[in-house]
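Asker: pasting the structure only:
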Ligand code: ADP
């Protein structure tokens, strides 16, 4: 009988209660994963011990053979997991098994819909870990002691997975954690050696330390009960150390779930061993789905770092650039020192060369995915495209490679879908087209219907339509792809180069000359609102348009800067008009300077609206327009 002292009952954090409730109701179709989750935790705990023991060998307390044991009791309906890893102190148990430390958890919980099918996907990407024990158990007991603490500082945690848990201090001779699951009625199928063995083989074969089950043995003569013999049921070698050809896809997938705390299979992986000046192995995965905290600065990112097979740290961030923060995996180095720290990693030149090699591996893996599995790549782009767009700014050396991975909506792509690659765009470019044309804006509807596209539609030239918040910023880092430069069709004096015939150009010049008078009148009427007035060759249907000056900030960048409280340099648009449009013809022949002024301002304001901008003086616009309507109706 264990003696319990300092017994108290504590409540779970609200998020834990929600998670527990949801898990029990949404993961019932895949109950057996509880074992994978608990084994995964035990394996992490052993990794942590192994690492801490490097500098404090006394933590091993003489017992250096690290392992996990799974046993069961058919009569008592229990399944027990025991590890001799780092263990938990009383405080550890209260925080780790009573709260969820992940940033953004509360927001995540708010996103749950109550629709069990949908939520079970969400919960998959969140990772359920320890609490999954309550899928099969109506009472869970944890006996643990942190390595290095006295035997009297063990902890007994127990809960029925409802609102609260009990905690008490106990004596525990061995360091590490024992978890006893009291199976719910109807779940006693799990108290079975054959079943447990199969689950372990299926999900945890890749775990690098032995997972043992009791062997069925008959009692020796003269004894009532046989002595328990243990048998290792998993392969128990680090997966990344095995040759690629010997690792099955399922094993790669299960290993991914273990390190990424994800329920879904990854989209792709890349497993490599590097020998020579630097020696290391890496196993990198592309997840199928974005984690809920992809855009939170504090969200965990980075690889699991091992040095000569010994786990050293989680979330080692120095091995990949920030725009690849969604990549999961392990890197195992033979060159680093076992007591390497985050600070050292940041400065070590070895890390720099590993980082550029690993970055290239990831980009190659994505190229391969795009080429071989275009449908899957579409899904990848939906989830991670926005993050990939941070790439050209962060990773100058790989700019061209990253540009090749970008996908855009376009005037010729699927409606509003970001599916067109730059290579595809260039492959179907018009003869003589040596530019990549694009237009940025707030929404797809707005850019799709923008007057800026009129001349491109007429000539059948494809234009990329960019409406993500960071697109304009992205384009400021991309000057060319495959030797062809990018041209913002709303910017400067659009020069279509070879796409305009000599004939076109001559006509345009003549028209411009004949409209010099109108240009002057418009300049006088619009005054300070414009930087310049000129005849447009962008338009076929609309009367007028606003172009951005070659060096000026676009609307999106202006809005981002304004929102972040920065001072935005003042810039005025260029007013371009379509000389062939009936409204412009009417304007040209307008005798009354007052009406000329009103009409010019209306055209100017309309052009601003079409560009997605807001009006400086909306009331004046309404007044002028109404005045005109009244005159029309009399
Ligand atoms: P996660 O593993 O994603 O952190 P869990 O809910 O599975 O989340 O576990 C919460 C924490 O409880 C772990 O991070 C760890 O600190 C602690 N823990 C769980 N199982 C063990 C164990 N077997 N030994 C030591 N600590 C454990």
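Answerer: Noted; the coordinates are in hand. Please read all numbers here as calculations on a predicted model, not as lab measurements.
Asker: for the ligand, what's its nearest residue on the stretch 251-400 of the chain.
Answerer: Nearest residue of the stretch 251-400 of the chain to the ligand, counting by Cβ to the nearest ligand atom: residue 261, 5.2 Å away. C-betas here are computed from N, CA, C, even on glycine.
Asker: shouldn't that residue be in contact with residue 129?
Answerer: Yes: here residue 261 lies in contact with residue 129, judged by Cβ atoms under 8 Å, at a distance of 6.8 Å.
Asker: what is in contact with those two at once?
Answerer: Taking Cβ atoms under 8 Å, 6 or more residues apart in numbering as the contact criterion, the common neighbours of residue 261 and residue 129 are residue 40.
Asker: for the residue of the stretch 101-250 of the chain found nearest the ligand, list the residues it contacts.
Answerer: Sorted by distance to the ligand under Cβ to the nearest ligand atom, the residues of the stretch 101-250 of the chain start with residue 129, at 2.1 Å. Under the criterion of Cβ under 8 Å, 6+ apart, the contact partners of residue 129 comprise 37, 40, 41, 261.
Asker: so which of the residues you listed belong to helices?
Answerer: 37, 40, 41 (DSSP state H).
Asker: just the buried residues of the residues you listed.
Answerer: Burial by neighbour count, judged by 16 or more other Cβ atoms under 10 Å, picks out 37, 40, 41 from those.
Asker: what about the closest residue in space to residue 390 that isn't next to it in sequence, how many residues close to it?
Answerer: On the basis of Cβ to Cβ, 6 or more residues apart in numbering, the spatially nearest residue to residue 390 that is not a chain neighbour turns out to be residue 323, at 4.1 Å. By the measure other Cβ atoms under 10 Å, the count of residues near residue 323 is 22.
Asker: any idea how far residue 323 is from residue 301?
Answerer: Using Cβ to Cβ, to the nearest Å, residue 323 is found at 11 Å from residue 301.
Asker: surely residue 132 touches residue 40?
Answerer: No: the pair formed by residue 132 and residue 40 falls short of the contact definition of Cβ under 8 Å, at 10.0 Å.
Asker: quick check: residues of this protein near the ligand?
Answerer: By Cβ under 6 Å from any ligand atom, the residues of the chain that approach the ligand are 41-42, 45, 83, 85-88, 96-97, 127, 129-131, 177, 261.
Asker: at 5 Å what do you get?
Answerer: Within the chain, the positions lying close to the ligand (Cβ under 5 Å from any ligand atom) are 41, 42, 45, 88, 96, 129, 130, 177.
Asker: which ones among these map onto strands?
Answerer: Assigned to strands by DSSP state E, the following of those qualify: residue 177.
Asker: turn the residues of the chain next to the ligand into a markdown table, columns for pLDDT and distance to residue 375.
Answerer: Written out in a markdown table, the entries for the residues of the chain next to the ligand read as follows (pLDDT from 0 to 100; distance: Cβ to Cβ, whole Å):
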| residue | pLDDT | distance to residue 375 |
| --- | --- | --- |
| 41 | 93 | 35 |
| 42 | 96 | 38 |
| 45 | 96 | 40 |
| 88 | 98 | 45 |
| 96 | 93 | 40 |
| 129 | 85 | 32 |
| 130 | 92 | 36 |
| 177 | 98 | 43 |
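Asker: can you select the buried ones among the residues of the chain next to the ligand for me in ChimeraX?
Answerer: The following ChimeraX command selects only the buried members of the residues of the chain next to the ligand, with burial defined by 16+ other Cβ under 10 Å:
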select :41,42,45,88,96,129,130,177
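Asker: what's the closest of the residues of the chain next to the ligand to residue 497?
Answerer: Sorting the residues of the chain next to the ligand by how near they are to residue 497, with Cβ to Cβ, puts residue 129 at the top with 58.9 Å.
Asker: buried residues, the helix or strand that contains residue 525. List them.
Answerer: Of the helices and strands defined by DSSP states H and E, residue 525 is found in helix 516-526. By neighbour count, and taking 16+ other Cβ under 10 Å as the criterion, the buried residues in helix 516-526 are 518, 519, 521, 522, 525, 526.
Asker: cool, thanks, signing off.
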